[in-house]
Structure formats: C-alpha cells, structure tokens
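Task: produce atomic coordinates for the following.
(one chain, ligands or ions: 2)
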Amino acid sequence: MGLGECLKSQVLCQVLISYVFLASGLLINLLQLCTLPVWWLNKSLARRINCRLGYCISSQSVAILDWWSGTECTLYTDPKMYPLYGNENGIVVLNHQFEIDFMCGWSFCDRFGVLGSAKVLVKKELAYVPVIGWMWYFLEIVFCKRKWEEDRITVSQSLQKLRDYPENFWFLLFCEGTRFTAKKHQISMEVAEKKGLPKLKHHLLPRTKGFWVTIQNLRGTVAAVYDSTLNFRNNESPSLSGILSGKKYHADLYVRRIPLESIPEGEAECAAWLHKLYQEKDGFQEQYIQTGRYPGPIVSAPRRLGPLINWLCWSALLLFPLGAFLVSLLSSGSTLTILASLAFCYGGQCPPFKHNARGILCLLFYLTFRQRAEF
Ligand SMILES: CC/C=C\C/C=C\C/C=C\C/C=C\C/C=C\C/C=C\CCC(=O)SCCNC(=O)CCNC(=O)[C@H](O)C(C)(C)COP(=O)(O)OP(=O)(O)OC[C@H]1O[C@@H](n2cnc3c(N)ncnc32)[C@H](O)[C@@H]1OP(=O)(O)O
Ligand SMILES: CCCCCCCCCCCCCCCC(=O)OC[C@@H](O)COP(=O)(O)O
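Ligands and ions are numbered 1, 2, ... in the order given. As a prediction, this is how the structure comes out:
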C-alpha cells in the first residue's frame, strides 16, 4: 500500500471529510435560506444563486469520487450527440443498482456543466435530511410519496414550475422506483408475469406513472430522454465508505439520446414504450456482463477541476479553525487530551476500536472538558 493510499484509508481523513461536508453544507443551507427575500424580488436571480450554492454542496461528493478516490467514469455514446449534452434540457432514465449511482450521475452532470441545476424525482423522506434534503428544497427538486393518488397532483405541480427554469437542467428518473435487490426483483417479476410483460433479468419492472407524468409536463421544455445504463468494471459493488477510504472504481455509462417527440403521448402507449425501453436496457446490461463493453463508442468526458477547487477552498476555510482548536487543547498538556488526540489519529486502525473510535473520542473529549472545568 502506497503512502497516499495509506493516508486515504485513515479514519481521521474520513472524519475530517465528513466534518467539512457537514459544516459547509449547513452553512450553505443557511445562505440558501437567506435567498428567500430574493425569490419575491427576482425569481430567476434567486434560482441562479441557488444553483451556485447547490453546486458548492454536490460538487464535494464529485470531488471525493473523481479526485479523492480517483474513480474513473467512462462515457459510451454517439459522438454526434455529445455537443448537445449540457446545452439542452434532458430527462435521464438510469438503472438503480449501485450505492454510489447518484455520485456518478452528479459527476457526469459536472462534466457537462449542469451540476448546480441537476434535478431528480426523489422520495419525500429525503427532503428532511440536513444538507442534501434542505439543499434540494431550494433547488426545486421534485419529491414523491410513492402514492399515486397524491403524487399525480403534487409531482405535476412541481414539474410545471420547471418550465421557466433559467438554466439548462437534467431531470433524473429512477423508473424502477427503488434500488435493485434479488428479493425485489423476484416480486417485480411476479408482477410482470401477472401483467403479461416480458421478464427482465437485470432490472426491476419500471414504474410507468412517474415517467408518463414527467414527459407530459415537460414536453416543450425538455428536448430529449437520455437513456443511461451504469455498470462497474470487474463486477464490483462500489460503496460510499469505499469511496471515502480512497478506493478506486471504474464506472462505465452508456447514454442514448432519444428525442422527446418520438415518445407517445397517451398514458398506455407511453407505459408500453417505457417497458420496451427497459427490455432494451436489459439487453445492454447483458452485453456488458458478457463482453465488458456497451454497443456505442467511447467519448472523452474528462473530470473537471471545479469540484476539487471548491472542496479545497471549503477544507481550508473549515479545517483551519478546527486545527487551531485542537492545538489549543493539546497545548493544555493534559494526559486525557493527549489520549484523545491519539484515539482521534490511530483509534480507527486498531481492530477493537475500529467501529468505536468516534465514541471513544467523544468520551475522552468530554472527560477532558470536565477535568478542565473542575480545575
Ligand atoms: C450524458 C450523461 C447522462 C446521464 C448522467 C446521469 C445522471 C445525472 C442526472 C441527474 C442527477 C441528479 C440528482 C441525483 C442525486 C440523488 C438522487 C438519489 C437517489 C434518489 C432515490 C429515490 O428516491 S428513488 C424513489 C423515488 N422515485 C421513484 O419512485 C420514481 C419511479 N416511480 C414512479 O414513477 C411511480 O410511478 C410514482 C412514484 C410516481 C407513483 O408510485 P405508486 O407506487 O403510487 O404508483 P405505481 O404506478 O408506481 O404503482 C402502482 C402500479 O405498479 C404495479 N406494481 C405493484 N408492485 C410492483 C412492483 N413491485 N414492480 C412494478 N410494478 C408494481 C401495480 O400493479 C400498479 O400497476 P397499474 O398497472 O395498476 O398501474
Ligand atoms: C464529501 C462527503 C461525501 C459524502 C457525500 C454524501 C452525500 C449524501 C447524499 C445523499 C443523497 C441521497 C441518496 C439516497 C439514495 C437513496 O435513498 O436510495 C434509495 C432509494 O432509491 C430507494 O429507497 P427505498 O425504496 O426506500 O429503499
């Protein structure tokens, strides 16, 4: 293991990365809250400001993926379509199988300059998650309860609001509605059988209502559907913790641009079209598994420096006061403080402490503070 890899695997680094993400995220959430008055004065300006603020949060996860873990993302697509990506609005239909699929999605958004304005149809529960969920509220992300009786109104209303969005955006739809597991796949294929639909090997049966309502409401606003299929080389199942500890993966994304005009308008026809799309996607997955390649040619979409610069700036801004605080604690000379620092640096490496390092750390800091208060 090289020095860089050893450093990246340290728990201390992961704690510091999470601290920068949380602290900067909450600060940005606060700034987003401050843009509320601007919404009444100039809605378009408020939206543009929020795109930039949102970028400051989501690009940190891109920096971790692209620059910290060094994960490579290869794009397979028609080179003739490439100039359109990022220069028009698109609906992205993506398979939902991997823990870090959204990070790869964000990375591609950044490569095409639409990260700040990226949209998604997401479950309502995520709206309450600090940093990401609160950021999404200001970015006009579309939330669903996965109860069609309620969603048909609320999702339509949220989509209608995007019709005058001032920046190009990609709207991500995980039509499978949940992440793939063997159990969910079995249930889903029972539904397919009951409906007389062909079975899928690598996907869940797509939920068609969200797709139909999206197409219906964004017709005239969005130019195309980007049918996207994501896989990782060597049959790997990448994880967020792997990325944080600096593990490098290799993602392959196959994108087909399908003009919106070619998608039928009626609900039943639109649903049938989506089922056919998923059968094709299943074929691409199978081909990838058999040959390690997709049908299209590879085009270059290099990672960009923006996320790295943003991340380094936030790290410098937020790690400096934390460092000053730790130095002042250490200079107190108390044994408990020094023990706390050692636990902070090395606790995570020692197997019995591996999962408890942060708890031990908190306890030691608490004892230190109590000791200082007592004297
Ligand atoms: C060039 C580069 C290109 C690409 C780059 C890639 C991406 C970048 C883009 C943007 C990035 C932006 C952000 C990413 C960041 C983070 C996102 C992270 C995670 C989000 C994860 C989620 O939240 S996924 C969950 C939420 N989303 C969805 O659910 C969407 C899909 N669902 C729907 O559309 C649903 O229809 C609905 C939610 C609108 C409504 O759901 P409801 O359940 O009420 O209705 P349904 O119609 O779905 O269900 C009833 C019918 O379904 C049948 N049924 C029952 N059981 C099943 C089953 N197991 N499988 C399938 N079908 C089933 C049932 O029989 C009913 O059928 P009817 O025939 O009677 O309708
Ligand atoms: C810089 C530090 C890097 C850390 C980056 C962390 C960013 C966290 C962003 C969280 C984004 C939310 C993604 C949630 C994905 C998700 O929730 O997927 C599950 C759903 O599909 C289906 O859920 P369900 O059907 O209920 O099992």
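
When you work out contacts or count neighbours from here on, use the C-alpha atoms and nothing else.
Fine.

Enumerate the residues of this structure near ligand 2.
Taking Cα under 6 Å from any ligand atom, the part of the chain that reaches ligand 2 is made up of 17-18, 21, 60-61, 64, 132, 178-179.

same thing but at 5 Å, please
Residues of the chain lying close to ligand 2 (Cα under 5 Å from any ligand atom) are 21, 60-61, 178-179.

Now restrict those to buried residues only.
Buried members of those, counted by 16 or more other Cα atoms under 10 Å: 21, 60-61.

Widest-spaced pair of the residues of the chain next to ligand 2?
Using Cα to Cα, the two most remote members of the residues of the chain next to ligand 2 are 21 and 178, lying 25.9 Å apart.

Give me the pLDDT for residue 323.
Reported pLDDT at residue 323 in the predicted model: 87.

scratch that, residue 363
Predicted confidence (pLDDT) for residue 363: 48.

Kindly report the same for residue 375.
Residue 375 is assigned a pLDDT of 37 by the prediction.

before we move on, what about residue 30?
As predicted, residue 30 sits at a pLDDT of 98.

Give me the three-state assignment for it.
Counting by DSSP: H, G, I helix; E, B strand; the rest coil, the backbone at residue 30 sits in helix.

Same question for residue 65.
Local secondary structure at residue 65 is given as helix here, using three-state DSSP.

Equivalent analysis for the one 10 residues further on, please.
In the three-state summary, residue 75 is assigned as strand, counting by three-state DSSP.

Identify the residues contacting it.
For residue 75, the set of contacting residues under the criterion of Cα atoms under 8 Å, 6 or more residues apart in numbering consists of 252-255, 298-301.

number of nearby residues for the residue in the chain that ligand 1 sits nearest to?
Among the residues of the chain, residue 210 lies closest to ligand 1, at 2.9 Å counting by Cα to the nearest ligand atom. Burial of residue 210, expressed as a neighbour count using other Cα atoms under 10 Å, amounts to 23.

Check residue 98 too.
By other Cα under 10 Å, the residues close to residue 98 number 19.

Dead centre of the protein: give me the residue that sits there.
By Cα atoms, centre = their mean, the chain has its centre lying nearest to residue 102, at 3.2 Å.

Centre of the chain to the helix or strand in which that one is found, how far?
Element membership of residue 102 [criterion: DSSP states H and E] is helix 101-111. Relative to the centre of its chain, helix 101-111 is centred 7 Å away, using Cα atoms, centre = their mean, to the nearest Å.

So which elements touch that helix?
Other helices and strands packing on helix 101-111, by 3 or more Cα pairs under 8 Å, 6 or more residues apart in numbering; DSSP states H and E, are helix 43-63.

what inclination does the helix it packs on have with respect to helix 101-111?
120 degrees (axes from the mean of the first three to the mean of the last three Cα atoms, to 10 degrees).

Give me the buried stretch members for helix 43-63, please.
The neighbour-count check on helix 43-63 (16+ other Cα under 10 Å) flags 43-44, 46-51, 53-63 as buried.

Just say helix, strand or coil for residue 96.
With three-state DSSP as the basis, residue 96 sits in coil.

The nearest residue to it once chain neighbours are set aside: what secondary structure?
If the residues on either side of it in the chain are set aside, residue 96 comes closest to residue 179, at 5.1 Å by Cα to Cα, 6 or more residues apart in numbering. Assigned with three-state DSSP, residue 179 falls in the coil class.

Flag the shaky bits of the protein, pLDDT-wise.
Using pLDDT under 70 as the threshold, the predicted model of the chain has low-confidence ranges 333, 342, 344-375.

Find the residue closest to residue 338 in space, skipping its chain neighbours.
In this structure, residue 338 finds its nearest non-sequential neighbour in residue 330, 6.3 Å apart by Cα to Cα, 6+ apart.

Which stretches in the protein count as strands?
Listed in chain order, the strands found in the chain under DSSP state E are 72-77, 90-94, 119-123, 142-144, 170-173, 224-232, 250-259, 298-299.

Dump the ones you listed to a markdown table, plus distance to residue 8.
What follows is these, written out as a markdown table (distance: least, Cα to Cα, whole Å):
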| stretch | distance to residue 8 |
| --- | --- |
| strand 72-77 | 17 |
| strand 90-94 | 30 |
| strand 119-123 | 31 |
| strand 142-144 | 35 |
| strand 170-173 | 31 |
| strand 224-232 | 21 |
| strand 250-259 | 18 |
| strand 298-299 | 30 |
